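>>> I'll drop the sequence and a predicted model, then ask my questions.
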Amino acid sequence: GVRRLCWADVPAAGAVAEGARALALPVPQSGEYVTELNLAGKAWVAAWAERLQAGALLLIDYGYPRAEYYPPSRSGGTLLCYYRHHAHGDPFLWPGLNDITAFVDFTAVAEAGFEAGLDVQGYTTQAQFLFNCGVLECLERRGARESADYIRAARAVQRLTAPQEMGELFKVIALSRAIDGPLLGFVRGDRTHAL
């Protein structure tokens, strides 16, 4: 007699359908295509833009530019749940105990920033951003390479920059107002063209 919550199996309607149409993506020829749309993202960026008189809004998260976010091969979307460090795909399993996450459409972030009067100062991987900002130079200042402190710091840098870890999956985008010149984090490896 217990009703279990489950995903709706009806086509998108209302604001969700409107948001999907606005993406102007090709519809898969066969099968089901499930994905996430961040309908509140545009308003979130606009709210920050209202507060930003001069400076940069730096966003770091895992995600893709639109062309990589919505390919036919990713027909199950990017939503993931974590319970006690174990990944699963059912957000209604263990309600209130899951961490629920989805990837970011960085093209949508850039568009929202532009519509709110902000400039895109750069877009790159977390690894490239950290290298540009001097993470390796900071690591060298930790002391002798044999010291426990250096080894701990080197492991942290490895996790943050390795392609198979967080280095390529996490991206960094900077939206700005009243800033001239490139930001240090984007001087090499800028991928703004991919947005």
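Nice, thanks for sending it over.
>>> and residue 6, what pLDDT?
With respect to pLDDT, residue 6 scores 50.
>>> now swap in residue 109 and tell me
pLDDT at residue 109 comes out at 97.
>>> so what's it closest to, chain neighbours aside?
Excluding its sequence neighbours, the residue lying closest to residue 109 (CB to CB, 6 or more residues apart in numbering) is residue 173, at 5.8 Å. The C-beta positions use only the backbone N, C-alpha and C, and glycine is treated the same way.
>>> contacts only, for residue 76.
Going by CB atoms under 8 Å, 6 or more residues apart in numbering, residue 76 touches 34, 89.
>>> hmm, 10 Å instead?
By CB atoms under 10 Å, 6 or more residues apart in numbering, the contact list for residue 76 reads 32-35, 89.
>>> for residue 20, give me the pLDDT.
The model reports residue 20 with a pLDDT of 74.
>>> could you do residue 23 as well?
Reading off the model, residue 23 has pLDDT 76.
>>> same check, this time on the one 5 residues further on
Reading off the per-residue confidence, residue 28 sits at a pLDDT of 66.
>>> the one 5 residues further on too?
Here the pLDDT value assigned to residue 33 is 78.
>>> could you look up the SS state of the residue lying closest to it once chain neighbours are set aside?
Counting by CB to CB, 6+ apart, residue 75 is the residue found nearest to residue 33 once chain neighbours are left out, at 4.8 Å. Three-state call for residue 75 (DSSP: H, G, I helix; E, B strand; the rest coil): coil.
>>> the worst-scoring helix or strand of the chain on mean pLDDT - contacts with which helices or strands?
For the chain, counting by mean pLDDT, DSSP states H and E, helix 14-23 ranks last in confidence among helices and strands (a mean of 77). With contacts taken as 3 or more CB pairs under 10 Å, 6 or more residues apart in numbering; DSSP states H and E, helix 14-23 sits against helix 106-115.
>>> and the next helix or strand past the helix it packs on?
strand 119-125 (DSSP states H and E).
>>> can I get the contacts of residue 76 in a markdown table with secondary structure and neighbour count?
Below are these laid out as a markdown table (DSSP: H, G, I helix; E, B strand; the rest coil; neighbours: other CB atoms under 10 Å):
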| residue | secondary structure | neighbour count |
| --- | --- | --- |
| 32 | coil | 9 |
| 33 | coil | 15 |
| 34 | coil | 12 |
| 35 | coil | 19 |
| 89 | coil | 11 |
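>>> once you drop chain neighbours, what's closest to residue 63?
The shortest distance from residue 63 to any non-neighbouring residue, by CB to CB, 6+ apart, is to residue 104 (3.1 Å).
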